[in-house]
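**Student:** Fold the following and give me the result.
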Amino acid sequence: MINNVKLINILCSMTVKNYHFIAIGGAVMHQLALHLHNQGYHITGSDDAIFNPAYDNLNQHGILPDKMGWFPERIHPHLDAVILGMHAQKDNPELIRAQELGIKIYSFPEFIYEQSKDKKRIVIAGSHGKTTTTSMIMHVLKSLNKDFDYLVGAQIEGFDYVVKTSLDAPYIIIEGDEYLTSPLDLRSKFLHYHPHIAVITGIAWDHINVFPTFPEYVETFRKFFHLIKDKIFYYYKDEELKTLATESGITSALAYQPLPSHLKGDDVFVTYENHEYPVQIFGEHNMANMSAALNVCRELGITAEDFFQQIYHFKGAAKRLELLYDNPENKVTVYKDFAHAPSKVRATVDAIKNRYPERKLILALELHTYSSLQKDFIAQYHNSLDAGDVACIYVDNEALKLKKKDAIESQWLKEQFGREDIFIPSNPDEIESWVKNQIEDNSVILLMSSGHWGGLDLKRLYSL
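**Tutor:** Residues are numbered from 1 along each chain as shown. Here you go, the predicted model:
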């Protein structure tokens, strides 16, 4: 028998809702638009520029705007709601029109909360590792045929979209981003989710265009800490998290440690409760992520045995220590990673060094984000590339122009990183030549960036 609440939800869902997306071309915004479109909702949207893969994805599903720009006439009284992206401005003509008509306006996180307010919410937050930790939990739940909704910041193998909402799933797994909500709401996105269970992987200063000082950055996590309803897991080494846990007085705040791991030949094993389990990922930071994911899954009723049976097949989230190339004959291996913030760079470099201790380590880092191009912030990278045998740092002049930054002098950059022998290429061709000249038998190349390497086709680096 269907209870009354469920019956009301089903009846409401039978009425097709009309949603308009302002800034539909965003990486996650367009994925939500696609998901709702495939759920049967009527979706429209606008943006001033849309790039791939969003352009092709929207076009394939017939919801690409017919022309770029903002058009107030697209906002009409028959809309059930407008979903507002961070890319829009407060004076956006479509936003102003929606306000004039009194149409409900959701930011992205507000909409996700609205869709999940009757579910158990599990939120993974932190300056680093949250995408991987969220992906691990999703992978295990899907492998065990559990029904759940989700929001994650990268494409995950086995999932069509990075976001899913539904009427029936009992819980939702959310990657909680600390960046701003919308032009109308300058709070962190994760402050909207009110989790029952939460993970905080660590606090390392980032997004200095939003949080100009480290104390301000910590403060948004303090606010998040106090919104958690039932239980929080936090990384045991993080001093800021220890302080927040003590200040909060939350008795259910539990510290977690990386799972112990070791190599047997080329294979990685973790140890848990006196059992060894093979895994395909490596690095202390990933062992910490796995420990956090295990804790969450145990809270959701999954046994350790089931968790490790399924996590063995997890190869990582897209762009997170992603294996691009591996030649067992000459032992040349290439990885790329989304690492851009100093803490992420250090963790990724250390993971590769520990995984391949006998190989030549070739490091290439692109500084691309607002923070990484901010001169006051670059000192945070000091010594982060020291574990590499050789290293280069690339700064795309176009990225500097877009972020209205002055050119960065090469010698000054070397001093900030604390390494005189760093190579500073001036264009993508020089990156390619440098990497190819460094490759020799028994070497591993690590490419770290959240950017595009000036348009360089990375396959050219290892097509020897």
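**Student:** Need the mean per-residue confidence for stretch 266-280.
**Tutor:** The pLDDT scores in stretch 266-280 average 93.
**Student:** if I look at Pro260, how far off is Glu299?
**Tutor:** 22 Å (C-beta to C-beta, to the nearest Å). For glycine as for every other residue, the C-beta is placed from the backbone atoms N, C-alpha and C.
**Student:** Let me fix that, I meant to ask about Gly316.
**Tutor:** For Gly316, the distance to Glu299 equals 23 Å [C-beta to C-beta].
**Student:** With neighbour numbers in mind, choose between those two.
**Tutor:** More crowded of Gly316 and Glu299, by other C-beta atoms under 10 Å: Gly316, with 24 against 15.
**Student:** Just to check, that one is in contact with Val279?
**Tutor:** No. When contacts are counted by C-beta atoms under 8 Å, Gly316 is not listed as touching Val279 (10.7 Å).
**Student:** Pretty sure Ser376 sits against Trp205.
**Tutor:** Actually, residue 376 is Asp. It isn't Ser. No. If you go by C-beta under 8 Å, Asp376 and Trp205 don't touch, sitting 11.2 Å apart.
**Student:** So if I had to pick from those two, which one is more boxed in?
**Tutor:** When neighbours are counted by other C-beta under 10 Å, Asp376 and Trp205 differ, and Trp205 comes out ahead with 20 against 9.
**Student:** Apart from its chain neighbours, what residue comes closest to that one?
**Tutor:** Phe214 (4.6 Å; C-beta to C-beta, 6 or more residues apart in numbering).
**Student:** That neighbour: neighbour count?
**Tutor:** Residues near Phe214, counting by other C-beta under 10 Å: 15.
**Student:** where's it relative to Arg419, distance?
**Tutor:** Separation of Phe214 from Arg419 (C-beta to C-beta) stands at 24 Å.
**Student:** the helices in the stretch 151-300 of the chain, which residues?
**Tutor:** Assigned by DSSP state H, counting those that start in this stretch, the stretch 151-300 of the chain shows helices spanning 214-225, 239-248, 284-299.
**Student:** quick one: which of those is nearest Tyr356?
**Tutor:** Distance to Tyr356, taken as C-beta to C-beta, is lowest for helix 284-299 among the helices of the stretch 151-300 of the chain, at 14.6 Å.
**Student:** now for that closest one, which elements pack on it?
**Tutor:** strand 120-125, helix 130-143, strand 197-200, strand 231-235, strand 253-256, strand 267-272, helix 304-311, helix 342-355 (3 or more C-beta pairs under 8 Å, 6 or more residues apart in numbering; DSSP states H and E).
**Student:** tell me the average confidence for the second one?
**Tutor:** Read it as helix 130-143. The model assigns helix 130-143 a mean pLDDT of 96.
**Student:** Where does the prediction get shaky in the stretch 251-400 of the chain?
**Tutor:** When residues are selected by pLDDT under 70, none of them lie in the stretch 251-400 of the chain.
**Student:** my read: Gly69 touches Gly45, true?
**Tutor:** No. Using C-beta under 8 Å, Gly69 makes no contact with Gly45, being 11.9 Å away.
**Student:** Comparing those two, which shows the higher neighbour count?
**Tutor:** Gly45 (25 against 11).
**Student:** so the more buried one makes contact with Asp66?
**Tutor:** No. The pair Gly45 / Asp66 is not scored as a contact, 10.8 Å apart, by C-beta under 8 Å.
**Student:** Per the annotation, how does the chain divide into domains?
**Tutor:** Per automatic domain parsing, the structural domains of the chain span 14-103, 111-311, 322-461.
**Student:** Run the chain-centre distance for the last one.
**Tutor:** Mean-position distance between domain 322-461 and its chain equals 19 Å (C-alpha atoms, centre = their mean, to the nearest Å).
**Student:** and Tyr106, how many neighbours?
**Tutor:** Neighbour tally, Tyr106, other C-beta under 10 Å: 18.
**Student:** Next: Tyr193.
**Tutor:** Tyr193: 25 neighbours (other C-beta under 10 Å).
**Student:** Which residue, neighbours along the chain excluded, lies closest to it?
**Tutor:** Closest to Tyr193 by C-beta to C-beta, 6+ apart is Val123, at 4.9 Å.
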